[in-house]
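Undergrad: My questions concern the predicted model and sequence given below.
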Amino acid sequence: TGDDEIMEEQLKCLDMLYDFNQTRPSEMEKREKLLKEMFAEIGEDCYIEPPLHANWGGKHCHFGKNVYANFNLTLVDDTHIYIGDYTMIGPNVTVATAGHPILPELRQKGYQYNFPVTIGKNCWIGAGSVIVPGITIMVIESRNSVNLHYFDTKSLIWSQIFFENLSMSIAMNIGIIEFL
């Protein structure tokens, strides 16, 4: 069936991810080769510190050049994740493209939704940040942030929780500095 084929493909991706995570620090060439096989796109001079966690082993991930990711990067890559050139990602960051319905009846049926995530060029994603499905970030983001909104290149964000409620945004413990 189609589900069996999908599971088989996903397991192949996860096997490569396992191999990547088992490399020694001295095996840089092996890491680079594996990343080129695992990711949809990976630019020159990218460095991802193991361990890396990903639902599809990076299959739907598009990294520009000179991207740096510290340890424990989690990519919920059920659909596409785009990360621009010269972006730096701190430790323990999660980038999630998948979510589940709020209504228990729909969760019980196993429903899931997927929206791509885009992180622009020259961004810095601080340690412990969580980026949820459908987000576009073109800005520096601080540690322990949870972002549920679009921000442009003229903003610096620090937050603990940021909710968007239809046409109205409610911010709790958030600061935004507009650059002139």
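TA: Done, it's in. Residues are numbered from 1 along each chain as shown.
Undergrad: Outside of the longest helix seen in the chain itself, which residues are in contact with it?
TA: Longest helix in the chain, counting residues (DSSP state H): helix 2-21. Applying Cβ atoms under 8 Å, 6 or more residues apart in numbering, the contact partners of helix 2-21 are 31, 34-35, 37-38, 50-59. Any C-beta I mention is one placed from the backbone N, CA and C, and that applies to glycine too.
Undergrad: Spatially central residue for this structure, please.
TA: residue 95 (2.6 Å; Cα atoms, centre = their mean).
Undergrad: Filter the contacts of helix 2-21 down to the buried ones, PyMOL style.
TA: Remark: buried members of those, expressed as a PyMOL selection using 16 or more other Cβ atoms under 10 Å:
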select buried, resi 31+34+35+38+50+52+54+55+56+57+58+59
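Undergrad: next one: phi and psi at residue 48?
TA: Phi and psi for residue 48, reported as degrees, to the nearest 10, are phi -120, psi 120.
Undergrad: quick one: it from residue 70, how far?
TA: Distance of residue 48 to residue 70, computed by Cβ to Cβ, to the nearest Å: 9 Å.
Undergrad: Counting neighbours around each, name which of these two comes out higher.
TA: residue 48 (25 against 16; other Cβ atoms under 10 Å).
Undergrad: That one and residue 35 touch, don't they?
TA: Yes. With contact defined as Cβ atoms under 8 Å, residue 48 reaches residue 35; the gap is 6.7 Å.
Undergrad: Inside helices: which ones of the contacts of helix 2-21?
TA: Mapping the contacts of helix 2-21 onto helices (DSSP H) picks out 31, 34, 35, 37, 38.
Undergrad: hmm, which two among the residues you listed are most spread apart?
TA: Using Cβ to Cβ, the ones in helices among the contacts of helix 2-21 span at most 11.0 Å, a distance reached by 31 and 37.
Undergrad: any weak-confidence spans in the protein?
TA: In the predicted model of the chain, residues 1, 139-180 satisfy pLDDT under 70.
Undergrad: 80 instead?
TA: Within the chain, the stretches with pLDDT under 80 are 1-2, 138-180.
Undergrad: What is the three-state secondary structure of residue 92?
TA: Secondary structure for residue 92, judged by DSSP: H, G, I helix; E, B strand; the rest coil, is coil.
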